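A.B. asks: how would this look folded up:
(chains A and B)
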Amino acid sequence: MKRKYAQPPLEEALCEFRLAKDVRWDLTVPGLLYEKIKNYFPEKEQRLVQEVKINQEHGKFRQEVQTTEILVFYNQNRNILTQVGPGMVVLNVLKPYPGWEFFKQTILFVWENLLSILPISRLEHASLRYINIINLPSYEEKLEEYLQFYPYLGPELPQEKQLFTIGVEFSYEDDTDHCKLILSTSNKKQEKPTFMLDIEYFTYKLNSLSAESFLSWLEKAHEVIEKIFEGCITDKLRKTFKEEKG
Amino acid sequence: MITISKSVPGALTGHWHHTIESESYTYLDIKNFAKASKNIMELLKTKLKSDDYSIKKDNSSIVSAVENFIEEWSNHVHFINYQEIKEYLKKHVELIDKLPIAIEIAKKHFPDSQIALEYYQDPEIDDKYIAIYVRLKDYDETFIDRLLTASNEIIETLGVDYAEHISLDTDYEQIS
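C.D. replies: Numbers count the residues shown, from 1 in each chain, chains lettered A, B, ... in the order given. Alright, predicted model coming up:
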């Protein structure tokens, strides 16, 4: 049975899809999409993101900083947003998390509207990601009493962990999909110990996902993430999230 | 195309993940971009004869984008109420690439200043924004005029739409 919490640690859930290179994306697409979804995402903003492109010419590497414009469409409360860049759409939900059914319907709302603008047969890449922030009551607490995924330090190593990042990647669907699990400490010392548990299910093989399989892929991705999350936590931590019964 | 992304917000050292053709590599505990880039370069030399690739930060996640901004700027500016700033930026993610521009302009006009950021909420009216405070050792009589000049340059550069979210000011604190 699926567990439901009154105070889940979820900070952000996001779903990203990148369209296959053969999709005829042009500059009008973000505007057309906005027209279709603006009743739900009325607030329009723009952000610039930078990436470093590196290519090799005559045996030498050349770097070039490229700036990409991303349009951001917010809902009225500014806690749910759609980001649209060249060939890419991201749906973000910030806390309070409205639940999977609502999030899924929002993803599908944007996805179906995008399909009505562009013929899409295949996705180059898709990912569903849940970022959780977990606080322990004090620095005296033992991590292993709260988590089932934590760094193990052999007896010859210093036992006091100040800051760490650990990660593992699981394979699914004959290695077509992967699920990445990362646990890290906050970079700033907080009043209480704070950890970030980041779980991302994504298509590992490029262009492996067809448009008609997108919904079933989403369900599968969510199911895996839920299982991984539950597998990471102990009952002691579960209690702090205040499980809702029935 | 190879994509490398910084994908763990809030981590001390950052975490880099990239995929080369069908193979995936994850780097943990890489202190900074330069080191990651160097490692990847070495890897590329052995893996590829020629190809293009791009490196980008994890921009898809709002939480990551905000954490990365705080991490990158915490050595250069003082965050007065860092938790509140984070919450405000999550709802105004477009400010993340505008704030560095405003800070650079402030630093250009006041090279010896300390810059502090504060999420400001007017207790009486619905007015919320990020205040960029210029702090100096000594505040002379030209200070306010110079502050106004810098403020106008910020508005001209970013556009008036951002004036309601970013404001250049001073709290007259001494440089700490």
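A.B. asks: Now do the strands in chain A.
C.D. replies: Assigned by DSSP state E, chain A shows strands spanning A:4-5, A:10-19, A:43-57, A:60-74, A:80-85, A:88-94, A:122-135, A:165-172, A:177-185, A:194-203, A:209-210, A:243-244.
A.B. asks: Pairing partners for the fourth one, with directions?
C.D. replies: Strand A:60-74 pairs in its sheet with strand A:43-57 (antiparallel), strand A:80-85 (antiparallel), by DSSP bridges.
A.B. asks: where among those strands is the average confidence lowest?
C.D. replies: The stretch with the lowest mean pLDDT among the strands paired with strand A:60-74 is strand A:43-57, at a mean of 79.
A.B. asks: give me the beta-bridge partners of the residue nearest to the spatial centre of chain A?
C.D. replies: The C-alpha lying nearest the average C-alpha coordinate of chain A belongs to residue A:129 (C-alpha atoms, centre = their mean; 2.3 Å). Beta bridges link residue A:129 to residue A:14, residue A:200, judged by DSSP bridges.
A.B. asks: hang on, isn't it packed against residue A:17?
C.D. replies: No. Residue A:129 is beyond contact range of residue A:17, at 12.0 Å (criterion: C-beta atoms under 8 Å). No exception for glycine: its C-beta is placed from N, CA and C like everyone else's.
A.B. asks: Count the residues that sit near the nearest residue to residue A:70 once chain neighbours are set aside.
C.D. replies: With sequence-adjacent residues excluded and distances taken as C-beta to C-beta, 6 or more residues apart in numbering or on different chains, residue A:70 is closest to residue A:85, at 4.4 Å. Number of residues near residue A:85 (other C-beta atoms under 10 Å in any protein chain shown) recorded here: 19.
A.B. asks: Point out the most buried one among the strands paired with strand A:60-74.
C.D. replies: strand A:80-85 (a mean of 22; mean count of other C-beta atoms under 10 Å in any protein chain shown).
A.B. asks: give the contact list for residue A:3.
C.D. replies: Counting by C-beta atoms under 8 Å, 6 or more residues apart in numbering or on different chains, residue A:3 touches A:230, A:238, A:243.
A.B. asks: change it to 6 Å
C.D. replies: By C-beta atoms under 6 Å, 6 or more residues apart in numbering or on different chains, the contact set of residue A:3 is residue A:243.
A.B. asks: Phi, psi for it please.
C.D. replies: phi -90, psi 150 (degrees, to the nearest 10).
A.B. asks: Over to residue B:108?
C.D. replies: According to degrees, to the nearest 10, residue B:108 has phi -60, psi -40.
A.B. asks: Tell me the pLDDT of it.
C.D. replies: pLDDT, residue B:108: 96.
A.B. asks: Relative to residue B:149, how far out is it?
C.D. replies: Per C-beta to C-beta, to the nearest Å, residue B:108 is found 11 Å from residue B:149.
A.B. asks: picking up where we left off before, could I get the strands paired with strand A:60-74 as a markdown table with distance to residue A:34?
C.D. replies: Formatted as a markdown table, those follow (distance: least, C-beta to C-beta, whole Å):
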| stretch | distance to residue A:34 |
| --- | --- |
| strand A:43-57 | 6 |
| strand A:80-85 | 8 |
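A.B. asks: Correct me if wrong: residue A:208 contacts residue A:174.
C.D. replies: No. Contact criterion C-beta atoms under 6 Å: residue A:208 and residue A:174 do not qualify, at 10.0 Å.
A.B. asks: Which residue ranges of chain B form helices?
C.D. replies: Counting by DSSP state H, one finds helices in chain B at the ranges B:33-47, B:62-73, B:82-91, B:99-109, B:143-158.
A.B. asks: what's the third one packed up against?
C.D. replies: Spelled out, that is helix B:82-91. Counting contacts by 3 or more C-beta pairs under 6 Å, 6 or more residues apart in numbering or on different chains; DSSP states H and E, helix B:82-91 is packed against helix B:62-73, strand B:114-121.
A.B. asks: Restricting to C-alpha, output it in CSV.
C.D. replies: Extracted C-alpha coordinates of helix B:82-91, given in CSV (Å, rounded to 0.1, in the frame of the first residue of the first chain):
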residue,chain,number,x,y,z
TYR,B,82,19.8,33.6,3.5
GLN,B,83,16.8,31.3,4.1
GLU,B,84,14.3,34.1,3.2
ILE,B,85,16.4,35.0,0.1
LYS,B,86,16.3,31.3,-1.0
GLU,B,87,12.5,31.2,-0.6
TYR,B,88,12.1,34.4,-2.6
LEU,B,89,14.4,33.3,-5.4
LYS,B,90,12.5,30.0,-5.7
LYS,B,91,9.4,32.0,-6.6
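A.B. asks: Need the residues that contact that helix.
C.D. replies: Contact with helix B:82-91 is made by A:78, A:94, B:62, B:66, B:79, B:95, B:117, B:119, as judged by C-beta under 6 Å, 6+ apart.
A.B. asks: So which bits of that helix are buried?
C.D. replies: Using 16 or more other C-beta atoms under 10 Å in any protein chain shown as the test for burial, helix B:82-91 gives B:84-86, B:88-91.
A.B. asks: CSV for these, including distance to residue A:31 and pLDDT?
C.D. replies: Output for those, formatted as CSV (distance: C-beta to C-beta, whole Å; pLDDT from 0 to 100):
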residue, distance to residue A:31, pLDDT
B:84, 34, 95
B:85, 32, 96
B:86, 31, 94
B:88, 28, 96
B:89, 26, 96
B:90, 25, 96
B:91, 23, 95
